[in-house]
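A.B. asks: I'd like to go over a predicted model; first the sequence, then the structure.
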Amino acid sequence: GGDLADIREQLRAVMLAPFERQQLLSESEYRAFRIIEEEVAVGRRGCRGRDLADVREQLRAVMLAPFERQRLLSTSEYRAFRLIEEEVAAGREGWRVFAQTSMGEMLRSPSRSAFRSINSKRIDILVVDAGGWPLLAVEFQHEGHDQGDAAGRDAVKREALRKAGVPYLEICATDADELIRSRVRERLGGALAASAKGPRG
């Protein structure tokens, strides 16, 4: 019945009472604690020590992280995508348009280092023929696109596409609809002639 706000009463109560240890966490709680502890330790090391080539580590990272959807294309990119899609649908049966396509899925190379150089890069808009062969790669240039290493990344893309025989077209956010249409028609005309010779590779 003492006042336990008084430290002397707290001490008296402790001195008079028996104590025994008990489990701080259940087995399942301790397992969760260890996972979180490992994640915190990895984060402090800047993710060193985590082998993300291991699918279990990938799953753990995904389970512990939040996700939310994001736009595949910006408003101006989607405008260009629709214009190109309309041009393709107008006169080329079986041709299709794709967005944000991995270069590693559309090109191959016997050089491992060369392939690794392009594997993670993407093409904003890709036109393929009825057989699924790449016909035209379109890159969308935003304002300020020449900042940082963007120009270098584009140069790598252009060279790989040139070697594979895939035409490359750059369009800008400020390009008028008819300018985009006419440039796409011009490039697709060349692509059609090239595809008539048969697929490469």
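C.D. replies: Structure's in. What do you need?
A.B. asks: Asn84: how many residues sit nearby?
C.D. replies: To be clear, residue 84 is Ile; Asn isn't right here. 25 (other Cβ atoms under 10 Å). In this view, the C-beta of every residue, glycine as well, is placed from N, C-alpha and C.
A.B. asks: surely it and Val138 touch.
C.D. replies: Yes. Counting by Cβ atoms under 8 Å, Val138 is a contact partner of Ile84 at 6.5 Å.
A.B. asks: and the residue nearest the centre of the protein?
C.D. replies: Ser120 (8.4 Å; Cα atoms, centre = their mean).
A.B. asks: pull the contacting residues for that one.
C.D. replies: Counting by Cβ atoms under 8 Å, 6 or more residues apart in numbering, Ser120 touches Ser102, Gly104.
A.B. asks: what touches both of Ile84 and Val138?
C.D. replies: Common neighbours of Ile84 and Val138 (Cβ under 8 Å, 6+ apart) are Ile125, Val127, Val184.
A.B. asks: where do the strands sit along this structure?
C.D. replies: Taking DSSP state E as the criterion, the chain carries its strands at 96-102, 122-128, 134-141, 168-172.
A.B. asks: could you export those to a markdown table, including columns for mean neighbour count, distance to Ser26 and mean pLDDT?
C.D. replies: Compiled in a markdown table, the strands of the chain are given as follows (neighbours: other Cβ atoms under 10 Å; distance: least, Cβ to Cβ, whole Å; pLDDT from 0 to 100):
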| stretch | mean neighbour count | distance to Ser26 | mean pLDDT |
| --- | --- | --- | --- |
| strand 96-102 | 16 | 45 | 94 |
| strand 122-128 | 22 | 46 | 94 |
| strand 134-141 | 22 | 54 | 93 |
| strand 168-172 | 17 | 60 | 95 |
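A.B. asks: export those to TSV and tack on distance to Ala53?
C.D. replies: Formatted as TSV, those follow (distance: least, Cβ to Cβ, whole Å):
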stretch	distance to Ala53
strand 96-102	18
strand 122-128	22
strand 134-141	29
strand 168-172	32
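A.B. asks: out of the ones you listed, flag the one nearest Arg162.
C.D. replies: Among those, the nearest to Arg162 by Cβ to Cβ is strand 168-172 (7.1 Å).
A.B. asks: what packs against the biggest helix by length in the chain?
C.D. replies: In the chain, taking DSSP state H as the definition, the longest helix is helix 177-196. Applying 3 or more Cβ pairs under 8 Å, 6 or more residues apart in numbering; DSSP states H and E, we find helix 177-196 packed against helix 75-91, strand 134-141, strand 168-172.
A.B. asks: need those in JSON lines with distance to Ala13, can you?
C.D. replies: JSON lines is the format used below for the helices and strands packed on helix 177-196 (distance: least, Cβ to Cβ, whole Å):
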{"stretch": "helix 75-91", "distance to Ala13": "68"}
{"stretch": "strand 134-141", "distance to Ala13": "72"}
{"stretch": "strand 168-172", "distance to Ala13": "77"}
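A.B. asks: out of the ones you listed, which gets nearest to Arg56?
C.D. replies: Closest among these, using Cβ to Cβ: strand 134-141, at 35.2 Å.
A.B. asks: from Ala53, how far off is Val62?
C.D. replies: 15 Å (Cβ to Cβ, to the nearest Å).
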